[in-house]
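Participant: fold the following for me, if possible:
(one chain, ligands or ions: 1)
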Amino acid sequence: MSAQPDVESSSASDAHEGGFRPTFDVSTERGGPNYGKFVGQVREFMDRVRAALPSAELTDELLADLKSMNAKLVDFETDEWTSPSGTRIDLPARGNITLPPYDIVDAGPDGVDATITFTRFNLGGNGAAHGGFVALLFDDLGGMAAALNIEGICRTAYLKIDYRSLTPLNSELAVRCWVDRVEGRKVYVRGTLHEGDRLCAEMDALFIKLKPGQP
Ligand SMILES: CCCCC/C=C\C/C=C\C/C=C\C/C=C\CCCC(=O)SCCNC(=O)CCNC(=O)[C@H](O)C(C)(C)COP(=O)(O)OP(=O)(O)OC[C@H]1O[C@@H](n2cnc3c(N)ncnc32)[C@H](O)[C@@H]1OP(=O)(O)O
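Facilitator: Modelled structure (predicted):
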């Protein structure tokens, strides 16, 4: 297995009748050499916002700063296939700020191994990670395991999570997703999330291989 999934590169001008292209541009350069640090700062900011009780003055100051930063990005919007947030395969979670910042350890047709450290932004309640972030993690890595196994893009038909014990914040966790069986277009994927030997959550999911052009 290789540490990074092989993704067939394509030009942004390639025609695909569906909204979910089977191939798309991948890049390790888009957004510049410091794009990963930029995403890291965005993530740190989300953690700090979640944790902070700012004074009214600080809220006003940050509000002005954020308005200024948002204005700088307005003219740089691009489509999902060329945004580095989602296509920078050299970065945690492909640089996709929507996703928890997992690191791929190993990925191939036999499955995907990754590590994830949930942080304050991912807080659910009473110190534990929000279950929705656990599901999000499994959806993406399960989708990756399915795609690498069948060499095609899939959509999630169902995703069942069993929360076996609390998922902690600020502790490196091991996540594994693998294809259990394939029946025609149906790809059944399993997954586990561990802190050390302790099982935090399990996934049982069905992904459907998309037909050519299917959105
Ligand atoms: C963007 C990725 C970039 C990645 C770059 C890096 C590396 C690339 C490598 C890997 C990719 C990496 C990551 C993956 C990324 C993301 C993963 C997340 C994906 C999602 O987050 S995606 C959003 C949520 N998802 C939806 O938004 C789906 C809405 N929905 C539909 O789009 C349709 O519903 C669809 C397509 C699911 C099926 O529709 P369809 O028309 O194609 O097929 P049909 O209905 O005929 O079902 C065929 C057979 O599946 C059975 N079946 C269907 N559904 C079932 C169910 N729920 N339970 C039990 N059985 C079910 C039927 O019973 C039949 O079975 P049978 O053949 O035996 O009769």
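Participant: tell me the residues of this structure that contact the ligand?
Facilitator: Selection of the chain residues close to the ligand by C-beta under 6 Å from any ligand atom yields 5, 7, 89, 94, 139-140, 143-144, 147-148, 155-158, 184-186, 206, 208, 214. To be clear about C-beta, it is placed using only N, CA and C from the backbone, and glycine gets the same treatment.
Participant: can you turn the buried part of these into a ChimeraX selection?
Facilitator: In ChimeraX, a selection of the buried entries from the residues of the chain next to the ligand looks like this (16 or more other C-beta atoms under 10 Å):
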select :5,89,94,139,140,143,144,147,148,156,206,208
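Participant: so which of the residues of the chain next to the ligand sit within strands?
Facilitator: R155, T156, A157, Y158, K186, L206, I208 (DSSP state E).
Participant: who's in contact with the residue in the chain positioned nearest to the ligand?
Facilitator: Using C-beta to the nearest ligand atom, G143 is the residue of the chain that sits closest to the ligand, at 2.4 Å. The contact partners of G143, taken as C-beta atoms under 8 Å, 6 or more residues apart in numbering, are C154, R155, T156, F207.
Participant: next secondary structure after the least confident helix or strand in the chain by mean pLDDT?
Facilitator: Lowest on mean pLDDT, DSSP states H and E among the helices and strands of the chain sits helix 84-87, with a mean of 93. Next in sequence after helix 84-87, counting helices and strands by DSSP states H and E, comes strand 103-108.
Participant: picking up where we left off before, now render the contacts of G143 as TSV, adding pLDDT and distance to S27.
Facilitator: Below are the contacts of G143 laid out as TSV (pLDDT from 0 to 100; distance: C-beta to C-beta, whole Å):
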residue	pLDDT	distance to S27
C154	93	23
R155	95	24
T156	97	25
F207	97	25
